[in-house]
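>>> predicted model follows, preceded by the sequence.
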Amino acid sequence: MTTSKDQLLALVEANPFITQQELGEQLGLSRSAIAGHLAQLVKEGRILGRAYVLPTRHPIVCLGGTNLDRKLHAIESLKMGSSNPARQSESAGGVARNIAENLARLGLPVHLLTAVGRDPAGLALLAQLQALGVDCAGSLQAADAPTGSYTAVLDAQGELVLALAHMELADRLDTDFLRQTAPQRAAARWLVADLNLPRETLDQLRAEALTRQQSLVMVAVSAPKMKRLGDQLDGVELLVLNHGELQAWMQAAFPLPLRRSVRRSAAARVDAEREADRAAKAASDADDDLATLAWQQLRERGLRRLVVSDGAKGLRYSDGDRLRALPAPRVAARLVREVTGAGDAMTAGIVAALSRAPDDLRGACQLGLKLAALTLQSDHTVSDALHPGWLDSPTPSTRQESRPSC
């Protein structure tokens with residue numbers, strides 16, 4: 001049965017400039033009833049507000065941090081408490097920003113909602129994204145605060161030793177900012193939100209995703225900010241985080257006696273020939289058991305799907321009530337430039353693939369791992385070798401079977 005609201009939408013589609021009076025006359029409804037229907041259609045994202053603009057494209061909307069990445073690469077083995085020779089590089093950064101750039105280089109429509117300072121760094125960061133085709137309309141430009149920064153110290157092998165982040169501007173992406181940027185998000189089918197956002201903002205995005213039937217991906221940014229995830233995850237299609245961030249969440253969610261019990265149980269199951277092998281196997285089994293327990297708890301809180309990355313080991317992804325492991329493509333040590341940005345490339349690959357095939361999480365993870373491997377071999381946070389052909393190219397890991405991680 002066609003409702004009056006559906007009839008109103010059909011009239012708007014036929015004539016976006018129709019007046020409320022004309023709508024009321026054709027439908028036999030009062031002006032207040034017409035206004036109520038229009039407000040509901042705006043809330044649902046089926047029209048975009050004034051002039052009854054109808055959504056015609058469906059960009060992937062990324063919300064969260066943008067900053068200037070500074071990387072200090074140690075030339076020799078690091079000596080703590082002393083000055084170390086290093087080489088320095090600067091590039092654009094920020095989890096949401098990096099994901100947006102990866103998606104744009106893959107040829108997908110992208111809209112970034114972020115916060116920068118109204119300074120040379122912030123203006124340059126937005127200009128670079130816009131040159132790549134990323135729509136930044138609605139992003140906040142603060143005149144009273146500098147653009148955020150992220151400083152990473154990398155050892156001689158390119159591994160992260162320490163990172164310092166100044167991301168205070170992201171706290172201004174609050175619920176008022178969401179209200180102001182509702183039209184920019186209304187046409188999206190996929191939203192990507194990093195945990196630099198305030199908890200109240202993340203909660204509001206969850207509620208909107210449920211109302212508008214949008215797919216919301218939340219991306220962790222650090223162990224300390226896992227507390228922003230919240231207790232209820234209804235409306236979250238996918239959570240992407242690394243092993244350390246999952247451990248941080250578990251330490252807050254699970255009491256210490258429970259974690260110890262899981263580790264004792266794993267150790268008791270191990271029958272090994274050598275003590276060292278036994279200890280390593282017990283630790284691995286305990287990690288698998290705790291990760292599975294965490295997934296079960298997250299699922300009970302409303303989360304639909306989960307991806308846990310673990311560096312060179314690959315990742316684990318949810319499959320029903322279990323986690324399955326996928327190995328990472330092998331990258332020769334001599335080819336690894338640094339690890340910064342690899343996780344964001346992985347997330348972008350997963351989102352890009354899911355936007356095309358929403359039910360194939362395994363295939364999405366395979367693409368994500370491939371893009372992470374590409375980024376490891378780049379001096380840039382986002383590889384400039386990325387192009388739309390990567391979405392359709394064969395994935396070597398598709399020949400490898402995923403295995404249960406527990």
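Happy to help now that I have it. Everything numeric in this text was worked out from a predicted model, so none of it was measured. Numbering: from 1, shown residues only.
>>> residue 196: neighbour count?
The tally of other residues near residue 196 (other C-beta atoms under 10 Å) stands at 29. The C-beta positions use only the backbone N, C-alpha and C, and glycine is treated the same way.
>>> hmm, I typed the wrong one, I wanted residue 354.
Residue 354: 24 neighbours (other C-beta under 10 Å).
>>> likewise for residue 248?
As a burial measure, residue 248 scores 19 neighbours (other C-beta under 10 Å).
>>> isn't it up against residue 228?
No. Look at residue 248 against residue 228 with C-beta atoms under 8 Å: they stay out of range, at 11.5 Å.
>>> confirm that residue 165 sits in a strand.
Yes. Under DSSP: H, G, I helix; E, B strand; the rest coil, residue 165 sits within a strand.
>>> residue 383: neighbouring residues, count only.
24.
>>> right, and it touches residue 375 too?
Yes. Taking contacts as C-beta under 8 Å, residue 383 lies within contact range of residue 375: 4.9 Å.
>>> overlap in contacts of these two?
341, 345 (C-beta atoms under 8 Å, 6 or more residues apart in numbering).
>>> now do the phi/psi pair for the closest residue to residue 142 other than its chain neighbours.
Counting by C-beta to C-beta, 6 or more residues apart in numbering, residue 142 lies nearest to residue 117, which is 5.4 Å off, once chain neighbours are set aside. Phi and psi for residue 117, reported as degrees, to the nearest 10, are phi -80, psi 150.
>>> so who does residue 117 touch?
Residue 117 is in contact with 141, 142, 143, 145, 146, 147, 169, counting by C-beta under 8 Å, 6+ apart.
>>> and it, how far from residue 361?
Separation of residue 117 from residue 361 (C-beta to C-beta, to the nearest Å) stands at 37 Å.
>>> just checking, which helix or strand of the chain averages the lowest pLDDT?
One helix or strand of the chain scores below all others by mean pLDDT, DSSP states H and E: helix 256-269, with a mean of 51.
>>> helices of the stretch 51-200 of the chain, start to end?
Counting by DSSP state H, counting those that start in this stretch, the stretch 51-200 of the chain has helices at residues 95-105, 120-131, 175-180, 182-186, 199-212.
>>> from the contact counts, what lies against the fourth one?
Pointing back at helix 182-186 there. Using 3 or more C-beta pairs under 8 Å, 6 or more residues apart in numbering; DSSP states H and E, the elements in contact with helix 182-186 are strand 110-113.
>>> restrict the strand it packs on to CA atoms and write it as PDB.
Extracted in PDB, the C-alpha atoms of strand 110-113 (Å, rounded to 0.1, in the frame of the first residue of the first chain):
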ATOM      1  CA  VAL A 110      34.500  10.000  -1.500                       C
ATOM      2  CA  HIS A 111      33.400  12.700   0.900                       C
ATOM      3  CA  LEU A 112      35.600  13.600   3.900                       C
ATOM      4  CA  LEU A 113      34.200  15.400   6.900                       C
END
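>>> who's in contact with it?
Identification of contacts with strand 110-113 by C-beta under 8 Å, 6+ apart yields 59-63, 66, 96-97, 100, 103-104, 129, 133-139, 173, 177, 181, 184-185, 188.
>>> out of these, which are buried?
Buried by 16 or more other C-beta atoms under 10 Å: 59-63, 66, 96-97, 100, 103-104, 129, 134-136, 138-139, 173, 177, 181, 184-185, 188, out of the contacts of strand 110-113.
>>> if we can go back for a sec, give me whichever of the helices of the stretch 51-200 of the chain is most buried.
Across the helices of the stretch 51-200 of the chain, the average number of neighbours (mean count of other C-beta atoms under 10 Å) peaks for helix 95-105, which reaches a mean of 29.
>>> hey, C-alpha coordinates of it in CSV?
Output of helix 95-105 as CSV, limited to C-alpha atoms (Å, rounded to 0.1, in the frame of the first residue of the first chain):
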residue,chain,number,x,y,z
VAL,A,95,43.1,7.8,9.8
ALA,A,96,39.9,9.1,8.2
ARG,A,97,42.0,11.3,5.7
ASN,A,98,44.2,8.4,4.7
ILE,A,99,41.3,6.1,4.1
ALA,A,100,39.6,8.8,2.0
GLU,A,101,42.7,9.2,-0.1
ASN,A,102,43.1,5.5,-0.6
LEU,A,103,39.4,5.2,-1.7
ALA,A,104,39.8,8.2,-4.1
ARG,A,105,42.9,6.6,-5.7
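>>> got the angle for it vs helix 120-131?
Put simply, helix 95-105 runs at 30 degrees to helix 120-131, going by axes from the mean of the first three to the mean of the last three C-alpha atoms, to 10 degrees.
>>> helices and strands around helix 95-105, which ones?
Packed next to helix 95-105, using 3+ C-beta pairs under 8 Å, 6+ apart, are strand 60-63, strand 110-113, helix 120-131, strand 190-194, strand 215-219, helix 342-356.
>>> can I get those in CSV with mean pLDDT?
Shown next, in CSV, are the helices and strands packed on helix 95-105 (pLDDT from 0 to 100):
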stretch, mean pLDDT
strand 60-63, 98
strand 110-113, 97
helix 120-131, 94
strand 190-194, 98
strand 215-219, 98
helix 342-356, 97
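>>> mind putting those in CSV, distance to residue 331 included?
Below are the helices and strands packed on helix 95-105 laid out as CSV (distance: least, C-beta to C-beta, whole Å):
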stretch, distance to residue 331
strand 60-63, 26
strand 110-113, 27
helix 120-131, 27
strand 190-194, 25
strand 215-219, 23
helix 342-356, 10
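>>> what's downstream of the one helix or strand residue 292 maps to, the next helix or strand?
Taking DSSP states H and E as the definition, residue 292 sits inside helix 275-300. Per DSSP H and E, the first helix or strand lying C-terminal to helix 275-300 is strand 305-309.
>>> so for that next one, what's the average pLDDT?
Strand 305-309 shows a mean pLDDT of 97.
>>> contacts for the helix or strand just after that strand next, please.
Using DSSP H and E, the next helix or strand after strand 305-309 towards the C-terminus is strand 315-319. Contacts with strand 315-319, where a contact means C-beta under 8 Å, 6+ apart, come from 291, 295, 299, 305-310, 323-326, 328, 346, 361-362, 365, 368-369, 402, 405.
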